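*Asks:* next comes the sequence, and after it the predicted model I'd like to discuss.
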Amino acid sequence: MLFFICLFMQKIYLYYKEIVEKKRGRIVSLYKLSKYVAANLYVFFNMNRSQLVEQIAQYGCYDSRSDRTNMTDLINFLKLT
């Protein structure tokens, strides 16, 4: 399981996190992305990269909420201070 987590973080999460942030300006959620990949594993490996970026931007990003801060925003805020 630890090997899978390391592989997932390095090869999938970090790679698509950068692309989605540059193209769409949205922050990818580790939890939502891993949930999406687990539920759509066959589809995930059969899509081309541009389709996959669109799917991740739609289903794997944090929601915009004004009532609370997500974990990534909180960490980024703490880095700046």
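*Replies:* Yep, it's here.
*Asks:* tell me, how many residues neighbour Ser64?
*Replies:* Applying other CB atoms under 10 Å, we find 8 residues neighbouring Ser64. C-beta here means a position set from N, CA and C on the backbone, and glycine is covered the same way.
*Asks:* for the one 4 residues further on, same thing?
*Replies:* Residues lying near Arg68 (other CB under 10 Å) number 7.
*Asks:* backbone dihedrals for it, please?
*Replies:* With angles defined as degrees, to the nearest 10, Arg68 sits at phi -160, psi 160.
*Asks:* please apply the same query to Asp63.
*Replies:* Dihedral pair for Asp63: phi -80, psi 150, per degrees, to the nearest 10.
*Asks:* equivalent analysis for Val28, please.
*Replies:* According to degrees, to the nearest 10, Val28 has phi -80, psi 130.
*Asks:* now it: closest residue in space, sequence neighbours ignored.
*Replies:* Leaving aside its chain neighbours, Val28 sits nearest to Lys17 (4.5 Å; criterion: CB to CB, 6 or more residues apart in numbering).
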